[in-house]
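# I'll drop the sequence and a predicted model, then ask my questions.
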Amino acid sequence: MKKTPSIAAILLGLAFVFFGLNFFAHFVVVPSPPAGTPAAAFLGAMYGSGYLTLVKVLEILGGVLLIVPRTRVLGLILVGAILFNIACVHQFFFGGLKDPTVIGLIILALLVTWSKLCALWCVNSCGASCCKQEGSEGSCCSSEKPASTGCCGGK
């Protein structure tokens, strides 16, 4: 059970690297939305402006960061933002969140997020350096309060 979040992170990272590289290499055909629909106009604007290229580069970077255990939290932050936007696009432009691939990626991301809650809390509150050792005194993951307030010495 301890390896499940690592396996989920690797699968999520590989999926984002795969779909990011697919944008550039076209080894899997992705169907286009019907012409004249709001989804087609939205995706056309993203392609035409070059914005989608940036998103795909960030997908690849986030996927690689997820695969490497030391950088998993940063990868989760990048991929989480992208995955949230993918879910919103599916919800608002494609008639609901029905794509099993997107649902599977969300489940994997939630599993990895749950396993990294302490590190994400530390990034949110005062920086990743405060969680050097989980459960150690003075870290944001310990149940004991440090002498000063906050996990980073009151900062």
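That came through, no problem. Predicted model only: the values in this text are computed from it and were never measured.

# burial of L97, as a residue count?
By other CB atoms under 10 Å, 15 other residues sit near L97. The C-beta positions use only the backbone N, C-alpha and C, and glycine is treated the same way.

# just the one 10 residues further on next, same as before
Counted by other CB under 10 Å, the residues lying close to I107 total 12.

# pLDDT score assigned to it?
Among the per-residue scores, I107 shows a pLDDT of 97.

# tell me which element it falls in.
Taking DSSP states H and E as the criterion, the element that holds I107 is helix 100-115.

# So which residues make contact with that helix?
Among residues not part of helix 100-115, those counted as contacts by CB atoms under 8 Å, 6 or more residues apart in numbering are 4-5, 8-9, 11-12, 15, 66, 72, 76, 79-80, 83, 86-87, 90, 97, 120.

# Which stretches in the protein count as helices?
Assigned helices in the chain, in chain order: 4-25, 38-49, 51-67, 72-93, 100-115, 117-125 (criterion: DSSP state H).

# Only the buried residues of the shortest one, if you could.
Meaning helix 117-125. Neighbour counts using 16 or more other CB atoms under 10 Å place C118, A119, L120, C122, V123 of helix 117-125 among the buried residues.

# And for stretch 53-71?
Neighbour counts over stretch 53-71 (16+ other CB under 10 Å) mark V55, K56, L58, E59, I60, L61, G62, G63, V64, L65, L66, I67 as buried.

# Could you identify the buried members of the contacts of helix 100-115?
A residue is treated as buried here by neighbour count (16+ other CB under 10 Å); on that basis the buried members of the contacts of helix 100-115 are 5, 8-9, 11-12, 15, 66, 72, 76, 79-80, 83, 86-87, 90, 120.
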